[in-house]
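Enquirer: compute the structure for the input listed below.
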Amino acid sequence: MSAASVVEPPSVLSPAGVQADALAEVSWVLIVGASVIFVLTMALVAASFARRKPAIPTAWWVLGGGIALPVVVLSALLLYSTWRTRGLDEAPVDAPLVIAVTGHLWWWEVHYRDPVSGREIALANELRLPVGRAARLALTSADVIHSVWVPTLGGKMDLVPGRTNRLMITASRAGVQRGECAEFCGEQHSRMALHVIALPPAEFDAWLAREARPAAAPRDAAQERGRRAFLDGGCAACHPLRGVSESGIGGPDLTHVGGRLFLGAGVLRNDAGALARWIADVQQLKPGARMPSFGHLDAPTRAALADYLGQLQ
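Expert: All right, here's what the predicted structure looks like:
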């Protein structure tokens, strides 16, 4: 595992984006302010027990501590938080990177547009962003309501069928961040991770250029057997594979599946043996997923299919 693929803890207190920085700052102000008020309140309670006769009439405590102080504090917090978060959801003057994200049961479909050909590039369960460039996510759902939330990059937003919501995120440092579906959406809701990989701009451009290419050809006879198994075994009915079969409907695009960090929306890290295990035991690993287990294939065929898909990077 390379250092670049290590997933950072998904904490709102460890921001990795412009929007998350502002939200974390507001959170700290609220936490510190609430702590100060709590300590002062407890000190006043302790002082009240030490005095038998109150030095200040009770009515003044009610008016001052029960009405005036909350109005002043909450008004100040409203003005501060409005000022600090103003414009976070607006696109910058220079054109932002636009990425379409569609929620499915239980995975994420992601679309980029190739800046050279204008053709759409599809992938699944991963977002790749250039550091320092704003990205506008166009969010919708193909089935039920989902909600995307990457704590280290900013706020969350619902994905609603028939409607397109937007969310601005701007990564401020390179790294891998884990996001989740934040709206309960069924049996495998907890296994619907979205990983965000922030890359230096040059690396992002090179990655996007690679993603725009069609699927790589088999390198040997074993991989050719895997390609035939993909076409003859029913995989192509659901999974598009650019340059090989693009009629698949309902499943993730697998054109560059070998280059992804995880399989099954975060269920398995995509290392040696993971693809073969996923193909054979999908329903054991993620019960209820629409893809059936292919344990009925003989071991050499499963190995050839996994080998072929693994070299699609």
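Enquirer: alpha carbons only for contacts and neighbour counts from here, please
Expert: Fine.
Enquirer: what's the burial count for Val257?
Expert: 22 (other C-alpha atoms under 10 Å).
Enquirer: list the buried ones in the helix ranked longest in the chain?
Expert: With DSSP state H setting the assignment, residue counts place helix 18-50 as the longest helix in the chain. Using 16 or more other C-alpha atoms under 10 Å as the test for burial, helix 18-50 gives 18-26.
Enquirer: stretch 195-206 too?
Expert: In stretch 195-206, counting by 16+ other C-alpha under 10 Å, buried: 195-199, 204.
Enquirer: now it: how far from the chain's centre is it?
Expert: Offset of stretch 195-206 from its chain centre (C-alpha atoms, centre = their mean, to the nearest Å): 15 Å.
Enquirer: ok, stretch 101-119 next?
Expert: For stretch 101-119, the separation from the chain centroid amounts to 13 Å (computed by C-alpha atoms, centre = their mean).
Enquirer: and that stretch, end to end?
Expert: In terms of C-alpha to C-alpha, to the nearest Å, the two terminal residues of stretch 101-119 are separated by 16 Å.
Enquirer: contacting residues around that stretch?
Expert: 98-100, 120-127, 137-144, 146, 159, 185-186, 188-189, 191-194, 208-209, 212, 252, 264-265, 289 (C-alpha atoms under 8 Å, 6 or more residues apart in numbering).
Enquirer: mind giving me the PyMOL command for buried ones among the residues you listed?
Expert: Buried members of these, defined by 16+ other C-alpha under 10 Å, are picked up in PyMOL with:
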select buried, resi 98+99+100+121+122+123+124+125+126+127+137+138+139+140+141+142+143+144+146+159+185+189+191+192+193+194+208+212+252+264+265+289
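Enquirer: narrow the contacts of stretch 101-119 to those in strands?
Expert: Under the assignment DSSP state E, the contacts of stretch 101-119 contribute 98-100, 120-124, 126-127, 137-141, 146, 159, 194 to strands.
Enquirer: just how off-centre is the helix-or-strand element of the chain with minimal mean pLDDT within its chain?
Expert: Here the helix or strand of the chain ranked lowest by mean pLDDT, DSSP states H and E is helix 58-61, holding a mean of 81. Here the centre of helix 58-61 is set off from its chain's centre by 51 Å, with C-alpha atoms, centre = their mean.
Enquirer: check stretch 15-23 too.
Expert: 15 Å.
Enquirer: now that stretch: average pLDDT?
Expert: Mean pLDDT, computed over stretch 15-23, is 93.
Enquirer: please apply the same query to stretch 127-146.
Expert: In this model, stretch 127-146 carries a mean pLDDT of 95.
Enquirer: that one: how far from the chain's middle?
Expert: So, by C-alpha atoms, centre = their mean, the centroid of stretch 127-146 is 8 Å from its chain's centroid.
Enquirer: can you check stretch 292-312 too?
Expert: Centre-to-centre, stretch 292-312 and its host chain are 28 Å apart (C-alpha atoms, centre = their mean).
Enquirer: give me phi/psi at Leu167?
Expert: Main-chain torsions, Leu167, degrees, to the nearest 10: phi -150, psi 130.
Enquirer: pLDDT below threshold where in the stretch 151-300 of the chain?
Expert: Of all residues in the stretch 151-300 of the chain, none has pLDDT under 70.
Enquirer: can you give me the helices in it?
Expert: When secondary structure is read from DSSP state H, counting those that start in this stretch, the stretch 151-300 of the chain shows helices at 201-211, 221-232, 274-285, 299-310.
Enquirer: please work out which of those is packed deepest.
Expert: Mean neighbours per residue, mean count of other C-alpha atoms under 10 Å, is largest over the helices of the stretch 151-300 of the chain for helix 299-310, with a mean of 21.
Enquirer: list of residues touching that one?
Expert: Contacts of helix 299-310 (C-alpha under 8 Å, 6+ apart): 218, 222-227, 229-230, 254, 257-259, 275-276, 279-280.
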